[in-house]
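A.B. asks: here is the input, now give the coordinates:
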Amino acid sequence: APKNKKDELARLKSLLEWNFRGLKVDAKIYVPPGMDDNEEDDDDDGKENA
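C.D. replies: The predicted structure follows:
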């Protein structure tokens, strides 16, 4: 199981780029509408950065 979402995204990204040479994959975490998308908050603790 993936340690966190970012590791899993990175793994899928490298798999896709390996299988489809020249494909540039921009892996983004889907944020449902209405959720706050805070670029600076990278940790997965669910809290905003202080």
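
A.B. asks: for L23, helix, strand, or coil?
C.D. replies: Here L23 is coil, with the state taken from DSSP: H, G, I helix; E, B strand; the rest coil.

A.B. asks: what sits against it?
C.D. replies: Residues near L23 by C-beta atoms under 8 Å, 6 or more residues apart in numbering: L16, E17. For the C-beta atoms, the positions are set from N, CA and C on the backbone; glycine is no exception.

A.B. asks: state the distance from it to P33.
C.D. replies: Remark: distance between L23 and P33 (C-beta to C-beta, to the nearest Å) = 28 Å.

A.B. asks: V25 too?
C.D. replies: V25 is 23 Å from P33, by C-beta to C-beta.

A.B. asks: show the pLDDT at E48.
C.D. replies: With respect to pLDDT, E48 scores 64.

A.B. asks: about what we covered before: V25 and P33: who's more crowded?
C.D. replies: Taking neighbours as other C-beta atoms under 10 Å, V25 and P33 compare with V25 leading, 14 against 4.

A.B. asks: which pLDDT value belongs to the more buried one?
C.D. replies: At V25, pLDDT is 71.

A.B. asks: for this structure, what spans make up the helices?
C.D. replies: Secondary structure of the chain by DSSP state H: the helices cover 5-19.
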